[in-house]
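S.K.: All I have is the shape, not the residue letters:
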Ligand code: ACO
């Protein structure tokens, strides 16, 4: 039996910190509301010199270094992103060139905030079926490029960043399971309303730029329900009791959503990796950013049982159960 194991992680954040107090100066909002409703205190926002592929390149370099793997050894690059630098070539191809990877497969996966879990699931399958031995998996986003900075409903929520990991084929687990799901019936609750094929006509609100639209309250309710289901599905598929979990590494959309999942698992908040307070919602980057932080500060140790989960636009959702 072949499994995939995480042999190195890395992450990268843009330099600019935007606090809730900074946003109070440009929006009808306040620090207390943002902290009470979301848990966010500040977020990082990319400059023009820090597009998605630059954040991703830096995160991938740190993951390769931590894994002690040469770029030439990588068999596949899978990138979860909703905010690619260009329509094409894919951002994965641009990163492949920056890192000097060989002529390996390189692809973007667009599953909004679940993008990293989707990318991880694909990478794991390539390793399990024997087609790849070392895979670079990344989640990188600049959601700030889709924000209307005049709309408090979305402007306070999102941030930019990237996280990455190197997976290696191993006789020992490793990734025990991944589950991915989608339901396009909810497309109207979280989207950009414009695109390449449909066209960008009619955009006047956000200086003519594409804009992320979210019916936050409705998304919130479905997110809590759905994450409860994916947690049950993951534990049942692995014949595992929730008490066997050491760490929850959730998508960092909202501290209240994260707390609801932790309560369902009877986990105390010390067993949950939280970055939403400092990063905001970094979409596909949030899970690998949180994982890297807890690996590097020594909280997550070899042998620990990790549950990764995410929920986002589509709707999409998914999980990964990992013996680290
Ligand atoms: N500052 C102050 N007041 C605000 C702000 C703000 N930034 N934003 C909204 N409000 C007001 C609203 O106008 C409303 O006022 P009213 O009662 O007078 O009408 C009130 O606050 C409550 O608004 P709600 O939208 O009901 O607030 P809620 O408690 O739902 O919090 C939030 C909003 C934080 C967006 C929450 O709904 C949420 O986290 N939703 C889920 C987001 C998510 O998980 N997205 C998926 C991933 S994203 C992706 O895939 C790209």
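M.R.: Thanks, I have the structure now. These figures come from a predicted structure and were not determined experimentally.
S.K.: Residue numbers of this protein in contact with the ligand?
M.R.: 29, 33-34, 37-38, 112-113, 152-153, 156-157, 190, 216-217, 219-220, 223, 253-254, 257, 281, 283, 311-313 (CB under 6 Å from any ligand atom). In this view, the C-beta of every residue, glycine as well, is placed from N, C-alpha and C.
S.K.: Quick one, which of these are buried?
M.R.: Taking 16 or more other CB atoms under 10 Å as the criterion, what is buried in the residues of the chain next to the ligand is 29, 34, 38, 112-113, 152, 156-157, 190, 216, 219-220, 223, 253-254, 257, 281, 283, 311-313.
S.K.: Of these, which belong to helices?
M.R.: Secondary structure assignment (DSSP state H) places 34, 38, 152, 216, 219, 220, 223, 257 from these within helices.
S.K.: So which of the residues you listed is the closest to the ligand?
M.R.: Of all these, the ligand sits closest to residue 216, with 2.8 Å by CB to the nearest ligand atom.
S.K.: ok, that closest one - contacts?
M.R.: Contact criterion CB atoms under 8 Å, 6 or more residues apart in numbering gives 153, 154, 157 as the residues in contact with residue 216.
S.K.: Please apply the same query to residue 227.
M.R.: Contacts here follow CB under 8 Å, 6+ apart; on that basis residue 227 touches 250, 257, 260, 261, 309, 311, 317.
S.K.: Show me which pair in the residues you listed is furthest apart.
M.R.: Using CB to CB, the pair of those lying farthest apart is 260 and 317, separated by 14.2 Å.
S.K.: Please say which of the two ends up with more neighbours.
M.R.: Remark: of residue 260 and residue 317, residue 317 carries more neighbours, 27 against 16, as counted by other CB atoms under 10 Å.
S.K.: Please identify the helix or strand for that one.
M.R.: Using DSSP states H and E, residue 317 maps to strand 316-323.
S.K.: picking that back up, dump the contacts of residue 227 to JSON lines, plus pLDDT.
M.R.: Converted to JSON lines, the contacts of residue 227 look like this (pLDDT from 0 to 100):
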{"residue": "250", "pLDDT": "98"}
{"residue": "257", "pLDDT": "97"}
{"residue": "260", "pLDDT": "96"}
{"residue": "261", "pLDDT": "96"}
{"residue": "309", "pLDDT": "98"}
{"residue": "311", "pLDDT": "98"}
{"residue": "317", "pLDDT": "98"}
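S.K.: what is the rounded mean pLDDT of the strand or helix carrying residue 123?
M.R.: Secondary structure from DSSP H and E places residue 123 in helix 115-128. Averaging pLDDT along helix 115-128 yields 98.
S.K.: mind listing what residue 29 touches?
M.R.: When contacts are counted by CB under 8 Å, 6+ apart, residue 29 touches 20, 23, 152, 155, 156.
S.K.: cool, and residue 158?
M.R.: Applying CB under 8 Å, 6+ apart, one finds that residue 158 lies in contact with 43, 143, 144, 146, 147, 212, 280, 281, 282, 283.
S.K.: Just grab the bridge partners of it for me.
M.R.: Assessed by DSSP bridges, residue 158 has beta-bridge partners residue 281.
S.K.: What does the pLDDT read for it?
M.R.: Confidence at residue 158, expressed as pLDDT, is 98.
S.K.: Just the contacts of residue 227: which are in strands?
M.R.: In this view, these that belong to strands under DSSP state E are 250, 309, 311, 317.
S.K.: quick one: which of the residues you listed is nearest residue 137?
M.R.: If you rank the ones in strands among the contacts of residue 227 by distance to residue 137 using CB to CB, residue 309 comes first, at 16.0 Å.
S.K.: residues near the closest residue to the closest one other than its chain neighbours, how many?
M.R.: Ranked by CB to CB, 6 or more residues apart in numbering and with sequence neighbours excluded, the top spatial neighbour of residue 309 is residue 319, at 4.5 Å. By the criterion of other CB under 10 Å, residue 319 has 27 neighbours.
S.K.: just to revisit the earlier point, any idea which of the contacts of residue 216 is closest to the ligand?
M.R.: Sorting those by distance to the ligand puts residue 153 at the head of the list, at 4.6 Å, by CB to the nearest ligand atom.
S.K.: Surely the closest one touches residue 214?
M.R.: Yes - here residue 153 reaches residue 214: they are 6.9 Å apart, a contact under CB atoms under 8 Å.
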